[in-house]
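> here are the coordinates; sequence isn't available:
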Ligand code: DON
């Protein structure tokens, strides 16, 4: 396959829809991004990277970071995190509170904000600094030593974070946080506010395409845990649009309100697409269109 040509074709397929979504503005610092930006990168399991458009331009990682917090919490602390967070799709928006009360403070899955707050708490207990642990992982896997948290975005999230604070306090009221709410939230914002490019994220997601193996050949996760994370990405990674995403793209994927979507092609590679304008579920309109076009043209889907 001519990877470069397929990426360019997929990027072109995204162009007509780039104007149709809305850039996230509930975190004011995110609203400053140019909605016409678009990038697409493919990293193959041998570590080669191909890109189209703005594939080397850094953007706000946001909820894509939740994939890495989960992997690192499982790798460091084992299965016990699953006693504190479920792995079922929620059918609710990413920042919803409604299921938490009837389900006793156990979030439905690790990719909702509520679930990611619990996983961040676990990683904070295990490592002493969840934000830095995720950052260092991305630096190592992408080979980009400059990758870092954008302090302006983290501050903007904290200043407008009433909903996340409500989620964290509510979870704490059920005894499902080990650390003070303020510490958990600052670590959560630190990893959400990481800035990385499509290139960086595609390389950083490759461990899931390599069935748990890192760039240096060492093992982060068992093959079974890598399969399990891919399964939860498929069913929960794009929230209440996960059904439509599986239908159109057919890959495990994680979206973020910065407009990025990282998808895994097990055994082959990782694809990251970025377009800042979002649909109503909080997923990038341009990224979904490009990934749809790429998997349709290449047959690179898990189905
Ligand atoms: O907590 C938040 O709302 C953001 N830091 C992350 C939300 C997000 O990216 C949802 N994904 N589409």
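The structure has been received and is ready for your questions. What you see is a predicted model; the values in this text were computed from it and never measured.

> near the ligand, which residues of this structure?
Proximity of the chain to the ligand is confined to 62, 63, 94, 95, 113, 157, 164, 192, 255, 256, 257, 282 under the rule Cβ under 6 Å from any ligand atom. C-betas here are computed from N, CA, C, even on glycine.

> Would you point out which residue is most central in the chain?
Centroid check for the chain by Cα atoms, centre = their mean gives residue 64 as the closest residue, at 1.4 Å.

> measure it to residue 218 for me?
23 Å (Cβ to Cβ, to the nearest Å).

> Also residue 299?
Residue 299 is 31 Å from residue 218, by Cβ to Cβ.

> which residues does the closest residue to residue 210 other than its chain neighbours contact?
Residue nearest to residue 210 in three dimensions, not counting chain neighbours: residue 45, with 5.5 Å by Cβ to Cβ, 6 or more residues apart in numbering. Contacts of residue 45 were listed using Cβ atoms under 8 Å, 6 or more residues apart in numbering, and they are 206, 209, 210, 267, 268, 269.

> For the residues you listed, could you give me CSV that also reports secondary structure, neighbour count and pLDDT?
Output for the contacts of residue 45, formatted as CSV (DSSP: H, G, I helix; E, B strand; the rest coil; neighbours: other Cβ atoms under 10 Å; pLDDT from 0 to 100):
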residue, secondary structure, neighbour count, pLDDT
206, helix, 24, 98
209, helix, 24, 98
210, coil, 25, 98
267, coil, 10, 98
268, coil, 16, 98
269, strand, 26, 98
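
> what's the most distant pair in those?
206 and 267 (11.1 Å; Cβ to Cβ).

> Would you agree residue 221 is in contact with residue 229?
Yes: at 7.3 Å, residue 221 and residue 229 qualify as touching, with contact defined as Cβ atoms under 8 Å.

> Mutual contacts of these two, please.
71, 74.

> which non-adjacent residue is nearest residue 49?
Per Cβ to Cβ, 6+ apart, closest to residue 49 is residue 43, 4.8 Å.

> Count the neighbours of the one you found for me.
When neighbours are counted by other Cβ atoms under 10 Å, residue 43 registers 28.

> Report the contact partners of it.
49, 199, 202, 203, 205, 206, 269, 270, 271.

> Next, find the distance separating it from residue 139.
Distance check for residue 43 against residue 139: by Cβ to Cβ, it reads 15 Å.

> do residue 48 as well
20 Å.

> Tell me which of the two has more neighbours.
residue 139 (18 against 11).

> tell me the secondary structure for that one?
helix (DSSP: H, G, I helix; E, B strand; the rest coil).

> likewise residue 145?
Strictly by three-state DSSP, residue 145 counts as coil.

> Check the nearest residue to it once chain neighbours are set aside and give its pLDDT.
The shortest distance from residue 145 to any non-neighbouring residue, by Cβ to Cβ, 6+ apart, is to residue 139 (5.7 Å). At residue 139, the pLDDT value in this model is 98.
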